[in-house]
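K.L.:
3D, please:
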Amino acid sequence: MISEIAAWLFALFVVDPLHAEIRERVDAANLPVQALQQSQQCVATHGPRLLQRAGEEPVWATGTAIGIATGWTSPTTLFDTSDPSCAALTQIFQGERGDAEA
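P.N.:
Now for the predicted structure:
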């Protein structure tokens with residue numbers, strides 16, 4: 001029961017907002033639609049694995065959700081950066097951080 005609640009909260013506070021944030025960043029950066037599609041494919045591919053882990057490891061799910069919500073953890077750490085569909089996602093999140101530092 002606790003594992004199901006942890007997975008649901010992880011989806012509510014991490015996965016769902018991540019979809020919206022990806023769309024906002026792609027729109028703001030005027031990136032091609034292909035970048036948005038690749039990012040969504042990455043989340044669709046890795047999302048179920050993350051939800052399974054959240055269900056199996058509620059402490060990890062809670063810590064990760066807090067880290068992402070507070071900005072201590074980058075969402076890109078959740079995804080396999082060697083996956084070609086996740087490369088666009090990594091660039092979207094790293095590109096904004098690089099712009100903020102410049």
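K.L.:
Does the longest helix along the chain pack against any helices or strands, and if so which?
P.N.:
The helix spanning the most residues in the chain, taking DSSP state H as the definition, is helix 33-56. Using 3 or more CB pairs under 8 Å, 6 or more residues apart in numbering; DSSP states H and E as the contact criterion, the elements in contact with helix 33-56 are helix 2-10, helix 16-29, helix 58-70, helix 84-101. Every residue, glycine included, has its C-beta placed from N, CA and C.
K.L.:
can you tell which of these is closest to T45?
P.N.:
Relative to T45, the nearest member of these by CB to CB is helix 84-101, separated by 6.5 Å.
K.L.:
quick check: mean pLDDT across that closest one?
P.N.:
If you average the pLDDT over helix 84-101, you get 66.
K.L.:
Provide the count of other residues in contact range of E57.
P.N.:
Look at E57: counted by other CB atoms under 10 Å, it has 16 neighbours.
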